[in-house]
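In: no FASTA, just this:
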C-alpha cells in the first residue's frame, strides 16, 4: 500500500516540477526577450508571469520558478552580475502572494487568479521589487545609481501588474487556477 501511495505522490511531484519548469522557462523568455516600450526605456513581461506563477503554484514551486526564471533571464540577456540579486528579489516577489494564499486557502472568493487579494498583493510585491533593486544597485554600483533606478523599477512593476491582470483575467475564463489546483488536492489526498 505504501509503495502505491508513494508512486502516486511521485507522479504529482513530477507534474508540479514540470509546471514549475514551464513557468521558469516562460519567466526567462518573457523577461529576456519580450520588451515593452515604456517611459525611460522599456519594461519586460516577466514580472507578470512571476505573479501568475505565485498565484497558482504551490508554495515552494512558485518560489523556485520565479527565482530560476529571473536569474536565467539575466544570464541570457548578458547581465550575469544581476543573476544572484534577481534570483533573491524574484523569489521575494512571490512571498506576498504566498502569504495571502495561505491566509485565504479555504475562501470561496479566492478561486480565481484575479481576485481582490491578489490585486492587493501587487502593492507589496512592487515594494519588494523597488527595495530589492535599490539595495542591489547600492551594492553593485552606488546609492546615486540606486536612486536613479527607482522610477524605472516602479514602471516595470506597474507594467508587470497590468499584464498580470490581463493574463489572469484571460486564464480565469477557462478556470485555469481550479484546473491547476487539482495537483494540490491530489497531493493532500495521497498523504
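Out: Thanks, I have the structure now. Bear in mind that the values here come from a model prediction, so they are computed numbers and not experimental data.
In: I'd like to know how far the spatially most central residue of the chain sits from residue 24.
Out: With distances taken as C-alpha atoms, centre = their mean, the chain has residue 50 as the residue nearest its mean C-alpha position (2.1 Å). Between residue 50 and residue 24 the distance is 10 Å, computed by C-beta to C-beta, to the nearest Å. All C-beta spots, glycine's among them, are computed from the backbone N, C-alpha and C.
In: Likewise for residue 41?
Out: If you measure residue 41 against residue 24 using C-beta to C-beta, the figure is 25 Å.
In: Neighbour count: the two, which is higher?
Out: Residue environment comparison for residue 41 versus residue 24 gives the larger neighbour count to residue 24, 24 against 10, counting by other C-beta atoms under 10 Å.
In: packing partners for the one helix or strand that one maps to?
Out: Using DSSP states H and E, residue 24 falls within helix 2-32. Contact here means 3 or more C-beta pairs under 8 Å, 6 or more residues apart in numbering; DSSP states H and E; on that basis helix 2-32 packs against strand 41-44, helix 46-56, helix 59-76, helix 182-190.
In: Verify the stated contact: residue 73 with residue 34.
Out: No: in terms of C-beta atoms under 8 Å, residue 73 does not count as a neighbour of residue 34; the distance is 10.1 Å.
In: any common contacting residues for the two?
Out: With contacts defined as C-beta atoms under 8 Å, 6 or more residues apart in numbering, the residues shared by residue 73 and residue 34 are 44, 46.
In: Settle it for me: which of those two has more neighbours?
Out: Looking at residue 73 and residue 34 with other C-beta under 10 Å, you find the greater number of neighbours at residue 73, namely 24 against 16.
In: OK, contacts around the more buried one?
Out: With C-beta under 8 Å, 6+ apart as the criterion, the residues that contact residue 73 are 27-29, 31-32, 44, 46, 86.
In: Which of those residues sits closest to residue 97?
Out: Residue 97 has its nearest neighbour among the contacts of residue 73 in residue 27, at 14.1 Å by C-beta to C-beta.
In: Grab the nearest non-local neighbour of the closest one.
Out: Sequence neighbours aside, residue 69 is the residue nearest to residue 27 in space, at 2.7 Å (criterion: C-beta to C-beta, 6 or more residues apart in numbering).
In: Quick one, grab the pLDDT at residue 6.
Out: According to the prediction, residue 6 has pLDDT 58.
In: Of all the helices and strands packed on helix 2-32, which one is nearest residue 108?
Out: Closest among the helices and strands packed on helix 2-32, once you apply C-beta to C-beta, is helix 182-190, at 15.0 Å.
In: Give the closest residue to residue 70 in space, chain neighbours not counted.
Out: Using C-beta to C-beta, 6+ apart and skipping residues adjacent in sequence, the residue nearest residue 70 is residue 90, 3.5 Å away.
In: again, but for residue 24
Out: Leaving aside its chain neighbours, residue 24 sits nearest to residue 69 (4.0 Å; criterion: C-beta to C-beta, 6+ apart).
In: In contact with that neighbour: list those residues for me.
Out: For residue 69, the set of contacting residues under the criterion of C-beta under 8 Å, 6+ apart consists of 23-28, 31, 46, 49-50, 53, 90.
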